[in-house]
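Novice: below is the sequence, then the predicted model.
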Amino acid sequence: MDAPRLYPPGPRALQEQYDAVRLADRLEQHTVVDALLDWQQRMIERASFFFLSTVDDDGWPDVSYKGGRPGFVKVVDDRTLRFPSYDGNGMYRSVGNIVDTGKVALLFIDFERPKRLRLHGVGTVHTDAASRADFIGAELVVEVHLGRAFFNCPRYLHNMRDGTVSEDAPAEGHTPPPPAWKQEPLWAEVLPRP
């Protein structure tokens, strides 16, 4: 599956307004992949939760939290993953939207390391017993065919273990430290001009 362009008109217009086109293009060149890298596969397979975004047939987005025991999301290969849908509130919004449009985005967050990983793809819903066999307690199984994956800067991730707010979060009387990645030559040369 070919993923839609990463920067449609809205993001591109803001990138132009804030002199971020060079940076956005460099990020796309160096962070976007169409097959999961080894570290991305490991991150997904040890996750105990992720956020799932879907789109309904009217074009409205929806997002939900999906949780389970570590390993509940299975990487089938570098372009395919599967996860269970457990008994819920009976609305079937996420899986119903996948049935209608197939459009999905998944956000995995590792607060310990810290890392964020985004996936865009096309999902299909499986209800048969054979598909559910690898997932204890699964009512349905969603299979996602990857369009693209990319990581995000983890600067604003808070420490969920002890409740510490990220030192990068702006606040009155607090100046966040300069991000280390902006000092690296690969990124420094394409940063917005002051």
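Specialist: Noted; the coordinates are in hand.
Novice: can you pull the buried residues of the lengthiest helix in the chain?
Specialist: Looking across the chain with DSSP state H, the single longest helix is helix 21-31. By neighbour count with 16 or more other C-beta atoms under 10 Å, helix 21-31 contains the buried residues 21, 23-24, 27. Quick note: C-beta positions are derived from backbone N, CA and C, even for glycine.
Novice: quick check: chain neighbours aside, which residue is closest to residue 36?
Specialist: With sequence-adjacent residues excluded and distances taken as C-beta to C-beta, 6 or more residues apart in numbering, residue 36 is closest to residue 78, at 4.6 Å.
Novice: verify the contact between the one you found and residue 34 for me.
Specialist: No - counting by C-beta atoms under 8 Å, residue 78 stays clear of residue 34, with 9.1 Å between them.
Novice: so those two - more neighbours on which side?
Specialist: Neighbours were counted for residue 78 and for residue 34 using other C-beta atoms under 10 Å; residue 78 has more, 16 against 13.
Novice: distance of the more buried one from residue 39?
Specialist: Using C-beta to C-beta, to the nearest Å, residue 78 is found at 12 Å from residue 39.
Novice: gap between the two ends of stretch 28-40?
Specialist: Start and end residues of stretch 28-40 are separated by 17 Å (C-alpha to C-alpha, to the nearest Å).
Novice: that stretch: how far from the chain's middle?
Specialist: 12 Å (C-alpha atoms, centre = their mean, to the nearest Å).
Novice: contacts for it?
Specialist: 3, 6-7, 44, 75, 78-79, 81, 117, 146-151, 186 (C-beta atoms under 8 Å, 6 or more residues apart in numbering).
Novice: relative to residue 129, which of the residues you listed is nearest.
Specialist: If you rank the contacts of stretch 28-40 by distance to residue 129 using C-beta to C-beta, residue 81 comes first, at 20.2 Å.
Novice: any idea how many residues pack against that closest one?
Specialist: Here the number of neighbours of residue 81 (other C-beta under 10 Å) works out to 23.
Novice: low-confidence ranges, this protein, go.
Specialist: Judged by pLDDT under 70, the chain has its weakly predicted residues at 1-3.
Novice: as a quick check, tell me the outermost residue of it.
Specialist: residue 173 (32.3 Å; C-alpha atoms, centre = their mean).
Novice: and it, how far is that from residue 179?
Specialist: Taken as C-beta to C-beta, the span from residue 173 to residue 179 is 20 Å.
Novice: quick revisit: show me which of the contacts of stretch 28-40 are buried.
Specialist: With burial judged by 16+ other C-beta under 10 Å, the buried subset of the contacts of stretch 28-40 is 7, 44, 75, 78-79, 81, 117, 146-151.
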